[in-house]
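Novice: Here is my input; please provide its structure:
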Amino acid sequence: MKKLVGFLVILGAIILLLFIPFGMYIGFSNSVKSLSIDVDSQMKQVDNMLLRRHDLIPNLVNTVKGYAKHEREVFTNLNNARNQLAQANSVKEKAAAEGNLTTALSRLLMVVENYPQLKADGQFNRLMDELAGTENRLAVERKRYNDLVGQYNKKIALFPGSIFAGIMGATPKEFFEVPETAKENPEVNFD
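Specialist: Predicted coordinates:
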């Protein structure tokens, strides 16, 4: 009887030792999947803000066109940047397209500086306020996205998560990074 009790204790300890890593794996797997869903959901929120900005731009352009008819290149570049953003699929493509759109918008705003009567237009001012609000919300959503990506990437990179991540096939997610070209000051020439 003593041998049976000893055997059962040892067997119980072995089973317990086998279930601990399994339980850790299940907990890790669930938290990684949850974070992955959060990251994807936040990217959709970034997309919502990009779409909002995308929808505001034609109204802004039409308002400015009435005052600055000869600035065709600025309007063409802005339209091309909007189309590029609408066709972007990956995070990297969206970041690049968003950077191009920001640059094109900067050029449009530089054109506006040459038309004081435009800056006094009520519709233009409302659109600029909407655009500024959208830009602020977009910055917040991109930061939230990058924060979640950072949490996710840390979780799968640090021990023992890196072992479990390898078993699960979890790979790092891309940050929403602004391309270097979008960080440059736009150059506008009115000659």
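
Novice: What is the burial count for L85?
Specialist: L85 has 22 neighbouring residues, counting by other C-beta atoms under 10 Å. Bear in mind the C-beta positions are built from the backbone N, C-alpha and C, glycine included.

Novice: So it versus M49, what's the distance?
Specialist: Applying C-beta to C-beta, to the nearest Å, the value for L85 to M49 is 11 Å.

Novice: cool, T103 as well?
Specialist: With C-beta to C-beta as the criterion, T103 and M49 are 18 Å apart.

Novice: P172 now?
Specialist: From P172 across to M49, the span is 24 Å (C-beta to C-beta).

Novice: Which one of those two is surrounded by more residues?
Specialist: Set P172 next to M49 and count neighbours by other C-beta under 10 Å: M49 wins out with 19 against 12.

Novice: Which secondary structure element is home to S29?
Specialist: Mapping S29 onto the secondary structure by DSSP states H and E places it in helix 2-65.

Novice: tell me the mean pLDDT over the next helix or strand after that helix?
Specialist: Beyond helix 2-65 in the direction of the C-terminus, DSSP H and E gives the next helix or strand as helix 72-87. Averaging pLDDT along helix 72-87 yields 85.

Novice: again, but for stretch 168-181
Specialist: Stretch 168-181 carries an average pLDDT of 84.

Novice: Run through who's touching it.
Specialist: Stretch 168-181 is touched from outside by 29, 32, 36, 39, 43, 46, 90-92, 94-96, 98-100, 102-103, 142, 145-146, 149-150, 152-153, 156-157, 165, with contacts defined as C-beta atoms under 8 Å, 6 or more residues apart in numbering.

Novice: Narrow the residues you listed to just the buried residues.
Specialist: 32, 36, 39, 43, 46, 91, 94-96, 98-100, 102-103, 142, 145-146, 149, 152-153, 156, 165 (16 or more other C-beta atoms under 10 Å).

Novice: show me what contacts the closest residue to Y25 other than its chain neighbours?
Specialist: Leaving out its chain neighbours, the residue that sits closest to Y25 by C-beta to C-beta, 6 or more residues apart in numbering is F164, at 5.4 Å. F164 makes contacts with 24-25, 28-29, 32, as judged by C-beta under 8 Å, 6+ apart.

Novice: hmm, try it at 10 Å
Specialist: Going by C-beta atoms under 10 Å, 6 or more residues apart in numbering, F164 touches 21, 24-29, 31-32, 155-156, 170.

Novice: Give me the three-state assignment for it.
Specialist: Secondary structure for F164, judged by DSSP: H, G, I helix; E, B strand; the rest coil, is helix.
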